[in-house]
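1. test case, fold it:
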Amino acid sequence: MSQATLGDDELFGEAAAEMRADVEEHLDEARAVLPDADDVWNADADNVLGVLNGLRSSLNVEDASEHLRQAKKWFVIGKRAEAFDDPEDLEEAIADLEELLEMVEDAHELVGELTNTMPQLRGALADAAEAADEEEEEEEEE
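-> Take a look at the predicted model:
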């Protein structure tokens, strides 16, 4: 069947189906690039900084965020065009994934802060211990 013989309703139906498939595909791709639960929970490092660096790396969800953005973009267009017969399931899937990504991004930010703080804390504690040792030596000399 050529495009010339297709009616507007048929074309709109095809476009709506393709748009829905695009939204679902981007949601699937976003879920696929989320960190693995075991990668977030298990650690293989010699010290706290190694654990934090590994965790921060595993919590990077930039690719998932981009796929979610694309899904939302196509969903908004389809919803405004009233192209979806049942947009509620897509809307719920987007909201659930958005909430999960926010949680992961918040954790990534917190781990980043700890990653920056821990070396400073270690240095400050070492300095304090060194100062205490020096003070103790001075007291012993007197």
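
2. tell me which stretches of the protein form helices.
-> Assigned by DSSP state H, the chain shows helices spanning 8-32, 37-41, 48-58, 62-80, 88-141.

3. ok, residue 23 - how many residues close by?
-> Using other CB atoms under 10 Å, the number of residues around residue 23 comes to 26. From N, CA and C alone the C-beta is placed, and that goes for glycine too.

4. which residues does it contact?
-> Each residue near residue 23 by CB atoms under 8 Å, 6 or more residues apart in numbering is listed here: 71, 74-75, 78, 90, 94.

5. count the neighbours of the nearest residue to residue 50 once chain neighbours are set aside for me.
-> Distances taken as CB to CB, 6 or more residues apart in numbering place residue 43 nearest to residue 50, at 7.8 Å, with adjacent residues excluded. Look at residue 43: counted by other CB under 10 Å, it has 13 neighbours.

6. my guess is residue 43 contacts residue 55. True?
-> Yes - assessed by CB atoms under 8 Å, residue 43 is found in contact with residue 55 at 6.9 Å.
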